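Chemist: From the sequence below, what's the structure:
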Amino acid sequence: MSRPTDEPLVLGIETSCDETGVGIVRGRELLVDEVASSMDQHARFGGVVPEVASRAHLEAMVPVLERALAKAAVDPADLDAVAVTAGPGLAGALMVGVAAAKAFAYALGKPLYGVNHLAAHVAVDQLEHGSLPDPCVALLVSGGHSSLLLVPDVTGEVTSLGATIDDAAGEAYDKVARVLGLPFPGGPPIDKAAREGAPDAIRFPRAKLHDGTLDFSFAGLKTAVARWVEARTDAGEPVPVADVAASFQEAVADVLTRKAVTACRQHGVTDLVIGGGVAANSRLRALAVDRCAAAGIRVRVPRPGLCTDNGAMVAALGASIVASGRAPSTLGLPADSSLPVTEVVVRLGGLPAGEPAQDDHDPGSDGAHHRHRRDALEDRNDDELDGVQRLFLLGRRSRYRGHWFGGERRLHDRIGGSHHRHLGRLFGLRGRRGRAGHVVGGDERLQVGRELRDELAADFR
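Modeler: This next block holds a predicted model:
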């Protein structure tokens, strides 16, 4: 049965940090949002450990993918496209998701879209509130990002207006929670403690509030809280945790909402979208609604479950991109931990899909810039992959029903093409000996062959 082009069925994969997410959407209808978090494994460290996150993604990817397909009652053959977070994020974690998405898309013969994590946080609002206003301003607040974006078109036209120059807001929450003896991650426990405290009990600093920019800075605020608590402790006085939490939270929400309203006014925009994990914070949501109402600005915030990292947001952005008719990524898609928000859809060298090719040989051209960036990304991915393989792939029996990430079998049915060699490298098909002595991938680099494609396709039929 054919579907309207504005209702594509898209599967999205998210592995930029510590959540392994798989979501499936049909147009703007959410069919399933399946997430496996490794947060408990990071809690004792007080923060996300990249190597631990990458290993957890490897272990969770196939089960999460299978659960999502089963819950949505979707036949993989009916999918119109596969979308995956290509960046920004943790390099090793991103590569797990990108490799899995390549295998899935290649096995099924479906187009692959490598998308921007930040743009996906904006696009997910469409699953709850419909089409995004054109244009809108987006305030993205999470453990790794605090950004203001101008979004005329979430599928390809996003401009950065401001960002944090040091700690992100979510990072400051985690560090302050640790100072107060609250559990990790710090957002929910601080929000809960703040409900019993007075937001005006302590006047903590509001950095860059009146500096004329739309940038943020939360490192000084975090330090101010730590020094205040330290002074109370040294004086032998009790620390009023609820008041500290409420006052800290007020300072963060004050700066974020004031600058968001300023951004809307400066650009003549009447719609503000808030996304990211910190968007689930009750004080930020309430203050944003109050200040936007006073300024004549409509505010849209997804429900808390869609604010944190998830596969649904990647699928939502992918569906919008497919409906817009933009070209897909290639199988040479790299994982780019520092992918700029201006690149919503990326291909091999970071060239946004749908843009015309330019002269690679002209040193001053954008084409040459993207070619150099592509080469640098490929070199960096090879170096980082060596580390990932040492951690996860070599000397152990990795499997995808016997052959996930290379497995025990040599694949002799080779096909040519540089993108297949790149995919083979991501899948661990290298002629190197693991700690247990067996050779992973044979005595030479093996390319992904038709056998892998056919067996993966059969597994998902």
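
Chemist: Once you drop chain neighbours, what's closest to W228?
Modeler: Spatial nearest neighbour of W228, chain neighbours left out: I202 (6.6 Å); criterion: C-beta to C-beta, 6 or more residues apart in numbering. Placement of C-beta: from N, CA and C, glycine included.

Chemist: again with V346
Modeler: G114 is the one closest to V346 (C-beta to C-beta, 6+ apart), at 4.8 Å.

Chemist: Count residues in the vicinity of that neighbour, would you?
Modeler: Other residues near G114 number 34, with proximity taken as other C-beta atoms under 10 Å.

Chemist: Same check on L180?
Modeler: L180 - counted by other C-beta under 10 Å - has 21 other residues nearby.

Chemist: who's in contact with the residue lying closest to it once chain neighbours are set aside?
Modeler: In this structure, L180 finds its nearest non-sequential neighbour in V241, 5.2 Å apart by C-beta to C-beta, 6+ apart. Applying C-beta atoms under 8 Å, 6 or more residues apart in numbering, we find V241 in contact with 180-182, 193, 197.

Chemist: Can you check what pLDDT the model gives V241?
Modeler: pLDDT for V241: 98.

Chemist: same check, this time on H210
Modeler: For H210, the model assigns a pLDDT of 92.

Chemist: State the three-state secondary structure for it.
Modeler: For H210, the secondary structure call by DSSP: H, G, I helix; E, B strand; the rest coil comes out as coil.

Chemist: Pull the number of nearby residues for it.
Modeler: 7.

Chemist: Repeat that for D290.
Modeler: 12.

Chemist: Repeat that for T213.
Modeler: T213: 13 surrounding residues under other C-beta under 10 Å.

Chemist: Pretty sure L65 sits against T20.
Modeler: No: contact between L65 and T20 fails when scored by C-beta atoms under 8 Å: they sit 9.0 Å apart.

Chemist: Compare neighbour counts for these two and give me the winner.
Modeler: More neighbours surround T20 than the other of L65 and T20, with 31 against 21 (other C-beta under 10 Å).

Chemist: Phi and psi next, for that one.
Modeler: phi -100, psi 110 (degrees, to the nearest 10).

Chemist: Which helix or strand contains the closest residue in space to it that isn't next to it in sequence?
Modeler: Leaving aside its sequence neighbours, T20 sits nearest to A60 (C-beta to C-beta, 6+ apart; 4.1 Å). Assigned by DSSP states H and E, A60 belongs to helix 50-72.

Chemist: Show me where the stretch 1-150 of the chain has its strands.
Modeler: Taking DSSP state E, counting those that start in this stretch to define them, one finds strands in the stretch 1-150 of the chain at 9-14, 19-26, 29-37, 81-87, 112-116, 136-141, 146-153.

Chemist: Taking strand 9-14 as reference, get the angle to the fourth one.
Modeler: Orientation check (axes from the mean of the first three to the mean of the last three C-alpha atoms, to 10 degrees): strand 81-87 against strand 9-14 gives 20 degrees.

Chemist: Could you pull up phi and psi at the nearest residue in space to A246 that is not next to it in sequence?
Modeler: With C-beta to C-beta, 6+ apart as the measure, G197 is the residue that lies nearest to A246, at 3.3 Å, once sequence neighbours are left out. According to degrees, to the nearest 10, the main-chain angles of G197 amount to phi -110, psi 180.

Chemist: G197 - how many residues pack around it?
Modeler: G197: 21 neighbours (other C-beta under 10 Å).

Chemist: Repeat that for S329.
Modeler: Neighbours of S329 (other C-beta under 10 Å): 27.

Chemist: Tell me who's in contact with the nearest residue to it once chain neighbours are set aside.
Modeler: Residue nearest to S329 in three dimensions, not counting chain neighbours: G114, with 4.3 Å by C-beta to C-beta, 6+ apart. Applying C-beta under 8 Å, 6+ apart to G114 gives the contacts 83-86, 98, 101, 329, 333, 345-347.

Chemist: Using CSV, please lay out the residues you listed together with pLDDT.
Modeler: Formatted as CSV, those follow (pLDDT from 0 to 100):
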residue, pLDDT
A83, 98
V84, 98
T85, 97
A86, 97
V98, 96
A101, 96
S329, 95
L333, 92
V345, 93
V346, 87
R347, 69
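
Chemist: hmm, which two among the residues you listed are most spread apart?
Modeler: The most widely separated members of the contacts of G114, counting by C-beta to C-beta, are T85 and R347 (15.0 Å).

Chemist: Mind checking which of the two has more residues around it?
Modeler: When T85 and R347 are compared on other C-beta under 10 Å, the one with more neighbours turns out to be T85, at 32 against 25.

Chemist: Return the set of residues that bridge with that one.
Modeler: Beta bridges link T85 to V115, judged by DSSP bridges.

Chemist: That one contacts A93, doesn't it?
Modeler: No: the pair T85 / A93 is not scored as a contact, 9.2 Å apart, by C-beta under 8 Å.

Chemist: Show me whatever sits in contact with both of these two.
Modeler: 15-16.

Chemist: returning to that earlier point: now render the contacts of V241 as JSON lines, adding secondary structure.
Modeler: Converted to JSON lines, these look like this (three-state DSSP):
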{"residue": "L180", "secondary structure": "coil"}
{"residue": "G181", "secondary structure": "coil"}
{"residue": "L182", "secondary structure": "coil"}
{"residue": "A193", "secondary structure": "helix"}
{"residue": "G197", "secondary structure": "coil"}
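
Chemist: Return the distance of stretch 62-79 from the chain's centre.
Modeler: 21 Å (C-alpha atoms, centre = their mean, to the nearest Å).

Chemist: buried sites along it?
Modeler: By 16 or more other C-beta atoms under 10 Å, the buried positions in stretch 62-79 come out as 62, 64-65, 67-69, 72, 74, 76, 79.

Chemist: Report the buried residues of whatever helix or strand V158 lives in.
Modeler: Assigned by DSSP H and E, V158 belongs to strand 157-163. Buried residues in strand 157-163, defined by neighbour count with 16+ other C-beta under 10 Å: 158, 161-163.

Chemist: do the same with stretch 278-289
Modeler: In stretch 278-289, counting by 16+ other C-beta under 10 Å, buried: 278-281, 283-285, 287-289.

Chemist: among these, which are in strands?
Modeler: Taking DSSP state E, every one of those sits outside strands.

Chemist: As a markdown table, the residues you listed with pLDDT and distance to H267 would be great.
Modeler: A markdown table is the format used below for the buried residues of stretch 278-289 (pLDDT from 0 to 100; distance: C-beta to C-beta, whole Å):
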| residue | pLDDT | distance to H267 |
| --- | --- | --- |
| V278 | 93 | 23 |
| A279 | 94 | 20 |
| A280 | 93 | 26 |
| N281 | 95 | 25 |
| R283 | 97 | 25 |
| L284 | 97 | 21 |
| R285 | 96 | 22 |
| L287 | 97 | 21 |
| A288 | 97 | 17 |
| V289 | 97 | 20 |
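
Chemist: can I get the residues you listed in CSV with distance to A123?
Modeler: Below are these laid out as CSV (distance: C-beta to C-beta, whole Å):
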residue, distance to A123
V278, 18
A279, 14
A280, 17
N281, 21
R283, 25
L284, 20
R285, 19
L287, 24
A288, 19
V289, 22
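
Chemist: Who are the contact partners of the closest residue to V98 other than its chain neighbours?
Modeler: Leaving aside its sequence neighbours, V98 sits nearest to A335 (C-beta to C-beta, 6+ apart; 4.6 Å). For A335, the contact set (C-beta under 8 Å, 6+ apart) comprises 86-87, 91, 94-95, 97-98, 381.
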